[in-house]
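Student: Sharing a model prediction with you, sequence too.
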Amino acid sequence: MATGRTHRPATRSRGIPEATVARLPLYLRALTALSERSVPTVSSEELATAAGVNSAKLRKDFSYLGSYGTRGVGYDVEYLVYQISRELGLTQDWPVVIVGIGNLGAALANYGGFASRGFRVAALIDADPAMAGKPVAGLPVRHTDELESIISDNGVSIGVIATPAGAAQQVCDRLVAAGVTSILNFAPTVLAVPDGVDVRKVDLSIELQILAFHEQRKAGEEPGQGARTAASRSGSARPAAAAARDGRKGPDGDVPAVMPA
């Protein structure tokens, strides 16, 4: 049963901090681009710039991998690609299931970046009986009744949830009970999972709200000023809270103004 825990502690068994783990894919992406251009070596400054971090932090991160580079030469690109790929577990095949094949789930299924990074989409699963058997990204959609057998037959340990928020926890519980120990959650809700299960959350609406915060500050507005100005221009200065008290719904139904983190 779920315990309310949403992630593991901030360190791994090999002693690599979680913040460093989160940056390794950025280094790998930059290194892969260098490798494709047949660049043999790269300095810490050049690689840090390409990855969007400072060079001191990069050197510290690489020290956890046992890579210190060569003074005056830099880092061997191909060896670092291998080293980071090995640390991230990308030197093996990872079967993945995607649950919820709406617009987002279908887009994820068609994303070519999974296969190139060692992630094989083993199955697409949806609760809608009308979706069963329909091909998406070359795979037939399977019904959720088959979820447990799909996970068992394919040795799946990573699940992607792209369902509506209301269905996400139930899907999560079934994935975990079937043996999934890592979940990528695109549903706009917080999932409760037991110890030993990792959850990574992706919420595009939250990211947009953060950008809106920064845009408001760039414009020098006080919080709410832009909304009040827009309302006065439209001839309606009635606060949104008043409409909410009337029980009216927004275009997306009863969605809170700020999504939970």
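Tutor: Yep, it's here.

Student: Double-check that residue 95 belongs to a strand.
Tutor: Yes - counting by DSSP: H, G, I helix; E, B strand; the rest coil, residue 95 is located in a strand.

Student: gap between it and residue 141?
Tutor: When C-beta to C-beta, to the nearest Å is the yardstick, residue 95 and residue 141 sit 17 Å from each other. For glycine as for every other residue, the C-beta is placed from the backbone atoms N, C-alpha and C.

Student: Check residue 153 too.
Tutor: Here residue 153 is placed at a distance of 16 Å from residue 141 (C-beta to C-beta).

Student: Likewise for residue 209?
Tutor: Remark: distance between residue 209 and residue 141 (C-beta to C-beta) = 32 Å.

Student: and those two? which has more neighbours close in?
Tutor: Set residue 209 next to residue 141 and count neighbours by other C-beta atoms under 10 Å: residue 141 wins out with 22 against 13.

Student: what about that one, is that helix, strand or coil?
Tutor: Applying three-state DSSP to residue 141 yields a three-state assignment of strand.

Student: Touching, it and residue 126? I think so.
Tutor: Yes - proximity of residue 141 to residue 126 meets the contact threshold set by C-beta atoms under 8 Å, at 5.2 Å.

Student: Show me whatever sits in contact with both of the two.
Tutor: In the contact map built from C-beta atoms under 8 Å, 6 or more residues apart in numbering, the residues linked to both residue 141 and residue 126 are 101, 132.

Student: which residues are contacting the longest strand seen in the chain?
Tutor: Among all segments of the chain classified by DSSP state E, the strand with the greatest residue count is strand 119-126. Strand 119-126 is touched from outside by 93-102, 105, 109, 114-115, 132, 136-137, 139-144, 146-147, 150, 154, 156, 158, with contacts defined as C-beta under 8 Å, 6+ apart.

Student: Show me which of these are buried.
Tutor: 94-101, 105, 109, 114, 132, 136-137, 141-142, 144, 147, 150, 156, 158 (16 or more other C-beta atoms under 10 Å).

Student: which intervals of the stretch 1-150 of the chain have sub-threshold pLDDT?
Tutor: Within the stretch 1-150 of the chain, the set of residues satisfying pLDDT under 70 comprises 1-14.

Student: Equivalent analysis for the stretch 151-261 of the chain, please.
Tutor: The model of the stretch 151-261 of the chain has pLDDT under 70 over residues 221-261.

Student: Now do the helices in this structure.
Tutor: Along the chain, the stretches classed as helices by DSSP state H are 18-36, 44-51, 55-65, 77-87, 103-109, 113-116, 147-154, 165-178, 204-218, 225-234, 240-245.

Student: Give me the phi and psi for residue 117.
Tutor: Recorded main-chain torsions at residue 117 are phi -110, psi 10, according to degrees, to the nearest 10.

Student: which residues touch it?
Tutor: Contacts were defined as C-beta under 8 Å, 6+ apart; by that measure residue 117 touches residue 90.
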